[in-house]
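Visitor: got a sequence here, can you build the structure:
(chains A, B and C)
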Amino acid sequence: MTLSTDHEHPAPAAGRRGVNRPAARAGLGLLGLSIVVAALEILPRSGAVDRRYLPPASSMAAALADLVREGDFWTAVTQTLRGWAAGLALAMLIGVTGGLVIGTVPLLRALTASTIEFLRPIPSVALIPLVVLIFGNRPESALTLVVYAATWQVLVQVLYGVADVDPVARDTARSYRFTRWSVARTVIWPTALPYVVTGFRLAAAVALILEITAELVIGVPGLGRAIGVAQSSGAVARTYALVIVIGLIGVAVNLAARAVERRVLRWHPSVRRETA
Amino acid sequence: MSAPRGGTAPASHRALGRRARASLLAVGRRLLLAIALPVALVAVWWVLTANSTSFFWPPLSSILRAFPDTWFGDRITTDVLPSLGRLASGYLLAVVLGVAMGIPIGLSPVLRALTEPTLEFFRAIPPPVLVPVIALFAGYTGSASKVITIALGCLWPVLLNTVEGVRAVDEVLLDTARCYHLSRRSRVLHVILRGASPQIAAGARQALSIAVILMVISELFGANHGLGATVVQFQRGFAIPQMWTGIIVLGLLGVALSAIFRIVEHFALAWYRGLRDADPGA
Amino acid sequence: MNRADTNRTDGPPAAVPDRPLGSTVALDIRGLRKTYDGHGRRVEAIRDLTFTVDRGQLVCVVGPSGAGKTTLLRCMAGLLDPTGGEIRLEGSRVTGPPRGMAVVFQEYGRSLFPWMTVRQNVERPLIEKGMRRPERRRAVADALDAVGLGDSGDAHPWQLSGGMQQRVAIARAVAYEPSVLLMDEPFAAVDAQTRADLEDLMRTLWRRLGVTVLFVTHDIDEAIYLGERVLVLSNSPTVILEDVAIDLPDDRDQLSTRSAPRFGELRAHVYRQIQQAKRGRPDQPSSRQRQKG
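Guide: Predicted structure coming up:
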């Protein structure tokens, strides 16, 4: 039996588009999480999974509580977030200005197209050996990796945005003898803005990944390094607790970025469908 | 220029010749634009490092000279191929599992609501973090832990994108499939899977870059054979030109995989491009 | 051509006698009712629809917007469960999409599979039906020829114009050889010129294949031009206002039929009914809503 999706009529509890009552949806989501937590508790305790590798959820929670009480933990959190934010800001700066400049000058666009397509898929991990050599485990290592990876996300989106500008609007502005700066401000920027915001969201996620990677692999101070230390010293529950913390930070970053996106685009009529 | 001889044939020949020349020029110009910057960059790199005595930035010439000895030998079979094999296994495993799980979740609003927060949480965990966690179970050496790590890291984008793609399959298509009594197998294969394929492809593309990252990182811990392991060993042993060749190889790998993906996508999703071009609102 | 029973809607619905076996009835709708519940609101979309369609008839259903025409069609297609009453196709109850029924939706662009060619689209239901390849090929070719798209088999739907896409949808329905064809405002989204061509195509196909057709439309002229009967629906909560027999000649064409005096009379009659329907009936709560005419 299909339920009608006719929008003129009051909506049933669950249509194809999803569970319609937000309370019900939140409830189900919570239920799903609880099931996972329960499994995490039962499986190790019952012996189905070795306790040494996967401790029960309760001991993870206890380790988490311990963590929160430690000063070192919060230092690590600050270090991670600082590195993330700095890298993201720099990436936005380079990506937006670079994208605007390249996007608006057709010759530059044509010249750089092939180079961008070639450099973009180069994995940032390829730079790890180089960065280690030059910076060791100082925060600059992480910064380089983060900026490298995140800038591409922003740049590509901004290029899409500038390409989307209505040429008629731009020509009209130019025919009224707007300066280049005015054209950029009144015509190009509003069109490109949604793309810039999408680029921000994608870059924020990538920046976090690279920051943690740098900390884990290179040993830059931060949460990633804390995980490596915890794992190699056999503090299994602590390792999982740190993973949970990082996951929560990741979720928070995603949610915040989406909130920013919604806010900035509230007035914007268009909806961007990007590869999420 | 000689005067026209009269008659239409010579004039059309000239017109054809003009057109052919024009298009040849256009192609030539495009090619020139495409390679101008890369060539210039490489040239600059060469020139800047030509007489370099810097430790980190050896001359480009010495890097290129180190290439054959470093890579064209046993190393291909002992390091490169196993790494690529693990990459492929982990990636394919993730794609198969992700699509297989994503379809039922995408079709059921209740399942979607149940699993959404959990999946979003797992997806937010940076994939490299999985390496020490899986190492708890399976250690750092050996192929199993690496394949599992790659698979687990690649799973989330594929899964979440499949769910989204399946959810967004046009209802009219599904109604049509029901009215014409398409079997369940037909519905999944011919309607749902194909309808969701653009979104699934987006997830698979994301997963590919994650796969490369995890392939390298999973080899950075413990004593290992592999592409990433080799490059790091060069770095630790301060064999700088060799390290640079490794960086270039990794870069080329990323580019090559991306190109292969684009080609496959080009053929598989030709209908989607056509549909979007015909109806930009779709 | 049989005249089916006409239904009066004032007063309680008359008890409908059971049909004897071997009757000529293809579709039998009795007391169809559909109420939507949700968010504490309850909307009665369809109050009572009772009518029959004989085999081989072309019946048009017309009514003001919001009259529940699409709801009726979805119930008949088995895509929606009614709240009350029953629908019978060739004597058996409809509980899900019944076999032997084909539907042509209004949104042709969205009902054709974009990753398949035109030919593959038309062929798909036949594969599901279990037809063997040579017969399938022939059926597809015949159907495409019948709608005038014999050369477009290898194109993709999005490469075709709107009218052509709808022809593909019709070809797909026709190739399926259904006993009943449901059409939900199929020509609403095409331009007037194309609509005229498609209407004529519809009548030609109907007469050639002898299939039973239920054609839902908001266009009064179209309903009268096409149908042997026109069911006029009221506003929501919907009932049948009138079952109008169209006594125009069988051979119809856009020019002469539409300018015939009888056409004008029928048109005026139906138009008046619909206007009355939009104003609402005095004893119904919906009369409080005034619709723009």
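Visitor: CA only for contacts and neighbour counts going forward, please
Guide: OK.
Visitor: can you classify the residue of the stretch 101-250 of chain C found nearest chain A as helix, strand or coil?
Guide: Residue nearest to chain A within the stretch 101-250 of chain C: C:Ser236 (11.5 Å; C-alpha to the nearest C-alpha). With DSSP: H, G, I helix; E, B strand; the rest coil as the basis, C:Ser236 sits in coil.
Visitor: shouldn't it be in contact with C:Gly66?
Guide: Yes - the criterion here is C-alpha atoms under 8 Å, and C:Ser236 meets it with C:Gly66 at 6.6 Å.
Visitor: which one is A:Lys237 nearest to, not counting chain neighbours?
Guide: No Lys there; residue A:237 is Ala. A:Met60 (5.1 Å; C-alpha to C-alpha, 6 or more residues apart in numbering or on different chains).
Visitor: if we ignore the residues flanking it in sequence, what's nearest A:Ala86?
Guide: Closest to A:Ala86 by C-alpha to C-alpha, 6+ apart is A:Leu143, at 7.4 Å.
Visitor: just give me the neighbour total for C:Gly130.
Guide: C:Gly130: 9 surrounding residues under other C-alpha atoms under 10 Å in any protein chain shown.
Visitor: distance of it from C:Pro114?
Guide: Applying C-alpha to C-alpha, to the nearest Å, the value for C:Gly130 to C:Pro114 is 23 Å.
Visitor: check C:Tyr271 too.
Guide: Distance from C:Tyr271 to C:Pro114, by C-alpha to C-alpha: 39 Å.
Visitor: comparing these two, which residue is more hemmed in?
Guide: Just comparing C:Tyr271 and C:Pro114: by other C-alpha under 10 Å the higher neighbour count belongs to C:Pro114, 22 against 16.
Visitor: host element of the more buried one?
Guide: For C:Pro114, there is no host helix or strand (DSSP states H and E).
Visitor: verify the stated contact: it with C:Gln159.
Guide: No - between C:Pro114 and C:Gln159 there is no contact under C-alpha under 8 Å: 9.6 Å.
Visitor: what segments of the chain are helices?
Guide: By default, I'm working from chain A. Assigned by DSSP state H, the helices in chain A fall at A:22-46, A:57-69, A:71-104, A:106-119, A:128-135, A:139-163, A:167-175, A:180-183, A:189-218, A:223-232, A:236-264.
Visitor: try chain B instead
Guide: Using DSSP H, helices in chain B cover B:8-49, B:60-71, B:74-75, B:81-107, B:109-124, B:130-138, B:143-167, B:171-179, B:184-186, B:194-217, B:227-236, B:240-268, B:270-278.
Visitor: circling back to that earlier point, skip the chain neighbours and tell me the closest residue to the residue of the stretch 101-250 of chain C closest to chain A.
Guide: C:Ala67 (5.0 Å).
Visitor: how many residues are close by the one you found?
Guide: There are 22 residues near C:Ala67, going by other C-alpha under 10 Å.
Visitor: what do you get for A:Val251?
Guide: So A:Val251, with other C-alpha under 10 Å, has 20 neighbours.
Visitor: in the stretch 1-150 of chain A, what spans have low per-residue confidence?
Guide: A:1-20 (pLDDT under 70).
Visitor: next: chain C.
Guide: In chain C, residues with pLDDT under 70: C:1-23, C:280-293.
Visitor: for chain B, same thing?
Guide: B:1-10, B:223, B:279-282.
Visitor: overlap of the contact sets of C:Pro114 and C:Gln159?
Guide: B:Leu275 (C-alpha atoms under 8 Å, 6 or more residues apart in numbering or on different chains).
Visitor: stretch C:72-89 and chain B in contact?
Guide: Yes - judged by C-alpha under 8 Å from any C-alpha of the partner chain, stretch C:72-89 comes into contact with chain B at C:77-79.
Visitor: of those, which is the most crowded?
Guide: Result: C:Ala77 is most packed of the residues of stretch C:72-89 next to chain B (other C-alpha under 10 Å), 25 neighbours.
Visitor: I'd say it and C:Val103 touch.
Guide: Yes - if you go by C-alpha under 8 Å, C:Ala77 and C:Val103 touch, sitting 7.2 Å apart.
Visitor: give the residues shared as contacts by the two.
Guide: With C-alpha under 8 Å, 6+ apart, C:Ala77 and C:Val103 have common neighbours B:179, C:182.
Visitor: which residues touch the residue nearest to A:Ala86?
Guide: A:Leu143 neighbours (C-alpha under 8 Å, 6+ apart): A:83-84, A:86-87, A:211.
Visitor: same question for B:Leu60.
Guide: So B:Leu60 contacts B:45-46, B:49-50 (C-alpha under 8 Å, 6+ apart).
Visitor: if we use 10 Å, what do you get?
Guide: B:42-43, B:45-52, B:66, B:241, B:244-245 (C-alpha atoms under 10 Å, 6 or more residues apart in numbering or on different chains).
Visitor: A:Ala126 now?
Guide: A:Ala126 neighbours (C-alpha under 10 Å, 6+ apart): A:145, B:212-213, B:216, B:228, B:231-232, B:243-244, B:246-251, B:254.
Visitor: if we use 6 Å, what do you get?
Guide: B:247, B:250 (C-alpha atoms under 6 Å, 6 or more residues apart in numbering or on different chains).
Visitor: separation between it and B:Gly228?
Guide: Taking C-alpha to C-alpha, one finds A:Ala126 at 8 Å from B:Gly228.
Visitor: any chance of the backbone angles for the most far-flung residue of chain C relative to its centre?
Guide: Most distant residue from the mean C-alpha position of chain C: C:Gly40, 32.2 Å away (C-alpha atoms, centre = their mean). Torsion angles at C:Gly40 (phi, psi; degrees, to the nearest 10) stand at phi 80, psi 0.
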